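# Below is the sequence, then the predicted model.
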Amino acid sequence: MLKGIHVPLVTPFGPAGEVALDAVEKLAGHLLDQGAAGLVALGTTGEVAALSPAERAAVVEVCARVCRERDVPLTVGVTGNEPRSVLTALRELPDGVAAALVTVPYFLRPGERGVIAYFEALAAGSPVPLVIYHIPYRTGQQVSAATLRHLGRHPRVAGVKYAAGGIDQDAVDLLGEPPAEFDVLGGDDVFVSPLLALGASGGILASAHLATGRFAELVAAWQAGDAVRARELGHRLARLSATLFAEPNPTVVKGVLHARGLIPTPDVRLPLLPAGAEAVARALSECDMVAVHPGE
Ligand SMILES: O=C(O)C1=N[C@H](C(=O)O)C[C@H](O)C1
């Protein structure tokens, strides 16, 4: 269901600190023009924790409109770690949302049986398919390939955003025998190329705000079996991602998008602080090395 590159949108802020909805709309259209297969609203990259409920709803509304007009899927991040409030949020999603990206319950460390019970409860009541966000270095909860395979057989579980911090044994195991109709999407920007080589169907990557077409080309090259092209491009994009993640995400991405005139300010909300000028300059120069056309 979710193939190719899906960009987890930053939330641009205006000079007075307000959410710049016109910039959300422009950026969303630009990324789809550049080759993104879909968008993700309210991810970590969107600074979801720093947005009010009204701001979140407004961002989703704009993204849903753009995605509807382009006939591409919109995935929405839904945060929480107990099923009742997460189910309420899932039921409040507007029409036209293709899937919800739901984080493995964080901080509590409920164990894998708890993770299974949690996602089964959500899947039973969710109006939209779920994409499990597996990111143990943020949640504190390991999830094995066996657990993901078990959950992946549920008709309401569409895939996993796999962000284990590298290519681990579970990634190899899962992609060696994935459930039918279950998409594995790379969520660690620097490791997306090797994950695609193992058979992932795409990625949800903050880095793909830049060089979007190149990331799409990377997916296509691995899927076409063009390992020479894919390996070379993968190395270049990994260098770009490393510079974009040199400071906490999405600070450098926002700095670069602002320098390129794609968002009105590079501002982020606390506890994030804007990226340093040197980090932004390094990332800009890496973008130019990957681009086919200047400013791409
Ligand atoms: O918001 C997201 O989705 C992503 N978040 C990750 C993070 O901030 O660690 C990075 C990934 O590229 C997408």
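Noted; the coordinates are in hand. Keep in mind the model is a prediction, meaning the values are calculated, not measured.

# Going by C-alpha atoms from here, please, whenever you check contacts or count neighbours.
Will do.

# close enough to count as contact, residue 274 and residue 267?
Yes - using Cα atoms under 8 Å, residue 274 is in contact with residue 267, at 6.2 Å.

# shared neighbours of those two, anything?
residue 251 (Cα atoms under 8 Å, 6 or more residues apart in numbering).

# Assess the claim that residue 182 and residue 151 are in contact.
No - checked against Cα under 8 Å, the pair residue 182 and residue 151 is beyond contact range at 9.6 Å.

# Which residues are in contact with each of these two?
Shared contacts of residue 182 and residue 151, defined by Cα under 8 Å, 6+ apart, comprise residue 157.

# ok, the most centrally placed residue in the chain to residue 83 distance?
In the chain, the C-alpha nearest the mean C-alpha coordinate belongs to residue 204, at 3.2 Å (Cα atoms, centre = their mean). Distance, residue 204 to residue 83, by Cα to Cα, to the nearest Å: 24 Å.

# One more: residue 221?
Distance from residue 221 to residue 83, by Cα to Cα: 39 Å.

# Same question for residue 273.
Between residue 273 and residue 83 the computed distance is 32 Å (Cα to Cα).

# Kindly report the same for residue 108.
In terms of Cα to Cα, residue 108 sits 13 Å off from residue 83.

# what's the answer for residue 166, then?
Residue 166 sits 29 Å away from residue 83, going by Cα to Cα.

# Kindly report the residues of the stretch 51-200 of the chain close to the ligand.
Listed as neighbours of the ligand in the stretch 51-200 of the chain under the rule Cα under 6 Å from any ligand atom: 187-189.

# need these in a markdown table with distance to residue 199, can you?
Shown next, in a markdown table, are those (distance: Cα to Cα, whole Å):
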| residue | distance to residue 199 |
| --- | --- |
| 187 | 14 |
| 188 | 15 |
| 189 | 16 |
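
# Return the member of those residues nearest to residue 100.
Taking Cα to Cα as the measure, residue 100 sits nearest to residue 187 out of these, at 14.9 Å.

# got a pLDDT number for the residue lying closest to residue 245 once chain neighbours are set aside?
Nearest residue to residue 245, sequence neighbours excluded (Cα to Cα, 6 or more residues apart in numbering): residue 252, at 6.9 Å. Note for residue 252: predicted pLDDT of 98.

# Run a quick neighbour tally on residue 252.
28 (other Cα atoms under 10 Å).

# which ones are touching it?
Residues in contact with residue 252 (Cα under 8 Å, 6+ apart) are 244-246, 274-276, 279-280, 283.

# Closest one of these to the ligand?
residue 245 (8.5 Å; Cα to the nearest ligand atom).

# Can I take it that residue 141 is in a helix?
No - applying DSSP: H, G, I helix; E, B strand; the rest coil, one finds residue 141 to be coil, outside a helix.

# how about the nearest residue to it, chain neighbours excluded?
Spatial nearest neighbour of residue 141, excluding adjacent residues (Cα to Cα, 6+ apart): residue 109 at 5.2 Å.

# residue contacts, the one you found?
By Cα under 8 Å, 6+ apart, the residues touching residue 109 are 139-141.

# hang on, the earlier thing: quick check: which element contains the residue nearest to residue 245?
Per DSSP states H and E: residue 252 is located in helix 251-259.

# Next SSE downstream of that helix?
Next helix or strand after helix 251-259 toward the C-terminus (DSSP H and E): helix 277-290.

# could you give the angle of that following helix to helix 251-259?
70 degrees (axes from the mean of the first three to the mean of the last three Cα atoms, to 10 degrees).

# Check the model's average confidence along helix 277-290 for me.
Across helix 277-290, the average pLDDT comes to 94.

# Could I get the buried residue list for it?
By neighbour count on 16 or more other Cα atoms under 10 Å, the buried set for helix 277-290 is 279-284, 286-290.

# ok, now stretch 117-125?
Using 16+ other Cα under 10 Å as the test for burial, stretch 117-125 gives 118-120, 122-123.
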